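A.B. asks: I'd like to go over a predicted model; first the sequence, then the structure.
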Amino acid sequence: MNYPEISIIVPVYSESNVISTLIHHLQELKYKGEYEIIIVDGHPENTTLQIIQSNASIRKISSQKGRALQMNRGAGIAEGEILLFVHADTYLPENGLNVIARKLCSRKIVGGAFRLGIDSSHPGLKIIEIVANNRTNLTRIPYGDQAIFIKKDYFHEFGGYKNIPLMEDVELMRRIKRRGDQIIIIGQKTRTSPRRWIQQGITYCTLRNWIIYMLYSFGVEPEKLIKFY
């Protein structure tokens, strides 16, 4: 099998405290092909990029603020045949890149994501993890912290992420679903930091996210929902 090059795109904004750990993790991944790491900083002063040491395998670029804008910017310069979008606090399975490459060998599959894993033993967060994975299995619409991957040619032909302030991952997957194209949910889990649940409160964060998702599903525009996020 010919393993295609993968471009790992990481949108960041004030992530100086976690980016070095993430880069070390990404550089240690096992892959039979080639891959590049693209860090896209949306901060006007590029605060995250400033602490990243120069490395041939890492490409550092700046962008306007906005996760969708930043991911599209990274995709625009990506050299890989597969785009993998990773949040700054999300870690991949050690063999995840090889699994992605094998799954996307199929012409029928255009992209996908992993199952969600929250890096905590807290019972409440374990319940959230279970519910989130059941929802993904049912709807076939993964979130960004599940490390969404997609064939680059398809991504560009499809128009990439819509420039909206949130729910860009859901909007993209819904478009793919409406078109009738196939994605896959890999059985292995990402390992996502529980920091946002801990900082904001597990109950508050969970209820807020569910309400935003429901309102978005009922047609409320993301530009109106962002003030609640």
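C.D. replies: Right, received. Where do you want to start?
A.B. asks: For the rest of this, base every contact and every neighbour count on C-alpha atoms.
C.D. replies: Fine.
A.B. asks: dump the residue contacts of Ile58.
C.D. replies: Contacts for Ile58 (C-alpha atoms under 8 Å, 6 or more residues apart in numbering) come out as 36-39.
A.B. asks: For those residues, which single residue is the most surrounded?
C.D. replies: Using other C-alpha atoms under 10 Å as the neighbour criterion, Ile39 leads the contacts of Ile58 with 26 neighbours.
A.B. asks: residues in contact with that one?
C.D. replies: By C-alpha under 8 Å, 6+ apart, Ile39 lies in contact with 9-12, 49, 58-61, 74.
A.B. asks: From Lys152, how far out is it?
C.D. replies: Taken as C-alpha to C-alpha, to the nearest Å, the spacing of Ile39 relative to Lys152 amounts to 17 Å.
A.B. asks: cool, Lys30 as well?
C.D. replies: For Lys30, the distance to Lys152 - C-alpha to C-alpha - is 21 Å.
A.B. asks: Next step: the contacts of Ile58 restricted to strands.
C.D. replies: With DSSP state E as the criterion, strands contain 36-39 from among the contacts of Ile58.
A.B. asks: When Lys30 and Lys152 are compared, which one has more neighbours?
C.D. replies: A direct count of neighbours by other C-alpha under 10 Å for Lys30 and Lys152 places Lys152 higher, at 23 against 13.
A.B. asks: Now do the contacts for that one.
C.D. replies: Lys152 makes contacts with 75, 80-83, as judged by C-alpha under 8 Å, 6+ apart.
A.B. asks: And for Arg115?
C.D. replies: Arg115 is in contact with 133, 146, 185-190, counting by C-alpha under 8 Å, 6+ apart.
A.B. asks: Name the helix or strand for the residue nearest to Ile148 when sequence neighbours are not counted, please.
C.D. replies: Among residues not flanking Ile148 along the chain, Ala113 sits closest, at 4.5 Å (C-alpha to C-alpha, 6 or more residues apart in numbering). In the assignment (DSSP states H and E), Ala113 maps to strand 109-115.
A.B. asks: And the average pLDDT for that strand is what?
C.D. replies: Model confidence over strand 109-115 averages 98 on the pLDDT scale.
A.B. asks: Angles on the backbone of Glu5, please.
C.D. replies: Dihedral angles phi and psi of Glu5 (degrees, to the nearest 10) take the values phi -70, psi 140.
A.B. asks: Next one, pLDDT for it please.
C.D. replies: In this model, Glu5 is scored at 98, pLDDT.
A.B. asks: neighbours around it, how many?
C.D. replies: Applying the criterion other C-alpha under 10 Å, we find 20 residues in the vicinity of Glu5.
A.B. asks: got it, and Arg140?
C.D. replies: The local packing count at Arg140 equals 20, with neighbours defined by other C-alpha under 10 Å.
A.B. asks: how about it, what does it touch?
C.D. replies: By C-alpha under 8 Å, 6+ apart, Arg140 lies in contact with 177, 183, 185.
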